[in-house]
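Engineer: got a predicted structure here, sequence first:
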Amino acid sequence: MGRRVRAGTRAAGGRLRRTAVCAVAVGAAVGGLASCGTDGEVTYAGGTLEELVPEDEKRGREIATESMALLQEAESVRIGVEMNTPKGHQKVSLLMDRDGNCTGTFDAGPAQRGDMIMVGGGSMYVRFSDAALAEIRRMAASRGPETVARVRERTALASGKYLKIPTGPGGGAGRVMPVNSCDLDKFTRAMPGSPGTDDVIEALPESRWHGEDVIPLVENKDKGEDRTSVYVAAKGKPYLLGVEAEENGEIMKMRMSEYGEPVSAVAPTAAETIDISKFGPGGAGLFEV
């Protein structure tokens, strides 16, 4: 066993980090591994004693620290997030690297589904699925014949094409799709380098998760509170493979894969592209219904 020093009231950092995981994951940034320990102090004659740390907790901290270091050092990784938000159920899967290259898919509900490409941190290319374009047309149906005609023309123009969207302030990416970042540096900077000094992470026995052999790392396992479960590879290096975080009864699921794989981000040809600046500043009026 290791030793944990109980020196007084717990810091709130674990709870704050869990909230961050659920709040900003779709934006391709995450608060980190969140975990909390017991509030009990071991005291004697007014002093604070050292509490023996079970081996599964000691092992959990070590594995968590190494898995976060591997993610922070990765040159590329695919990050998939699925969660409920005030705007509804959202999913995104992005393969990104340190050079601003990114490819992936997104589904933020009706009229916001498709795939995207970013090349070297420059322009973003977004292609809406046929289902999303059909949903946009259905949304326009109750707005009168003029709107119906305009939306039908523009969705026909966008069918099978990528919308070229400048990034940066005023670029318009935020108006078109929910993903506003393909920055792996930003993602990894948001993660702590190791668990907090007062965090308690328990390593459970090896199991299977989404077809992978994993070691689950959990917090608040027996307390009936919001909890975070982290899954790291059981074979080879302990790469972080997934996170499931519960917040106010809702669950955010995140998966990591394809560590070190090259990102094939190639700009579509001119014939495959529509410049959204033709439809007003930032393309705001492209599919306005």
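Structural biologist: Sure, I can see it.

Engineer: doesn't Arg152 fall inside a helix?
Structural biologist: Yes. Under DSSP: H, G, I helix; E, B strand; the rest coil, Arg152 sits within a helix.

Engineer: what's the spacing between it and Ser67?
Structural biologist: Distance check for Arg152 against Ser67: by C-beta to C-beta, to the nearest Å, it reads 50 Å. (C-beta placed from N, C-alpha, C; glycine too.)

Engineer: do Thr103 as well
Structural biologist: Noted for Thr103: a distance of 25 Å to Ser67, by C-beta to C-beta.

Engineer: re earlier: more neighbours: which of Arg152 and Ser67?
Structural biologist: Taking neighbours as other C-beta atoms under 10 Å, Arg152 and Ser67 compare with Ser67 leading, 23 against 15.

Engineer: wait, what's in contact with that one?
Structural biologist: For Ser67, the contact set (C-beta atoms under 8 Å, 6 or more residues apart in numbering) comprises 230, 232, 238-240.

Engineer: can you put the residues you listed in JSON lines and add secondary structure, pLDDT and distance to Glu272?
Structural biologist: As requested, the contacts of Ser67 are exported to JSON lines (DSSP: H, G, I helix; E, B strand; the rest coil; pLDDT from 0 to 100; distance: C-beta to C-beta, whole Å):
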{"residue": "Val230", "secondary structure": "strand", "pLDDT": "90", "distance to Glu272": "40"}
{"residue": "Val232", "secondary structure": "strand", "pLDDT": "95", "distance to Glu272": "40"}
{"residue": "Pro238", "secondary structure": "coil", "pLDDT": "95", "distance to Glu272": "41"}
{"residue": "Tyr239", "secondary structure": "coil", "pLDDT": "96", "distance to Glu272": "35"}
{"residue": "Leu240", "secondary structure": "strand", "pLDDT": "94", "distance to Glu272": "35"}
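
Engineer: which pair in these spans the largest distance?
Structural biologist: Val230 and Tyr239 (11.5 Å; C-beta to C-beta).

Engineer: among the contacts of Ser67, which one lies nearest to Gln112?
Structural biologist: Gln112 lies nearest to Leu240 out of the contacts of Ser67, by C-beta to C-beta, at 28.0 Å.

Engineer: does the closest residue to that closest one other than its chain neighbours count as helix, strand or coil?
Structural biologist: The shortest distance from Leu240 to any non-neighbouring residue, by C-beta to C-beta, 6 or more residues apart in numbering, is to Ser67 (4.3 Å). Using three-state DSSP, the structure places Ser67 in helix.

Engineer: from Val243, how far off is Ser67?
Structural biologist: In this view, Ser67 and Val243 are 11 Å apart by C-beta to C-beta.

Engineer: anything in contact with each of the two?
Structural biologist: Val230.

Engineer: now Met83. Nearest residue, chain neighbours left out?
Structural biologist: In space, and not counting its chain neighbours, Met83 is closest to Met252: 3.9 Å by C-beta to C-beta, 6+ apart.

Engineer: who does the one you found bridge with?
Structural biologist: Under DSSP bridges, the beta-bridge partners of Met252 are Ala245.

Engineer: could you look up the SS state of Glu57?
Structural biologist: Per three-state DSSP, Glu57 ends up helix.

Engineer: please apply the same query to Ala267.
Structural biologist: Ala267 ends up coil, using three-state DSSP.

Engineer: need the pLDDT of it.
Structural biologist: The score at Ala267 is 93. That number is its pLDDT.

Engineer: using CSV, list the CA coordinates for stretch 63-70.
Structural biologist: This file holds the C-alpha atoms of stretch 63-70, laid out as CSV (Å, rounded to 0.1, in the frame of the first residue of the first chain):
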residue,chain,number,x,y,z
ILE,A,63,-2.0,4.1,-14.6
ALA,A,64,-4.0,7.4,-14.9
THR,A,65,-0.8,9.5,-14.8
GLU,A,66,0.8,7.4,-17.5
SER,A,67,-2.2,7.3,-19.8
MET,A,68,-2.6,11.1,-19.7
ALA,A,69,1.1,11.5,-20.5
LEU,A,70,0.7,9.3,-23.5
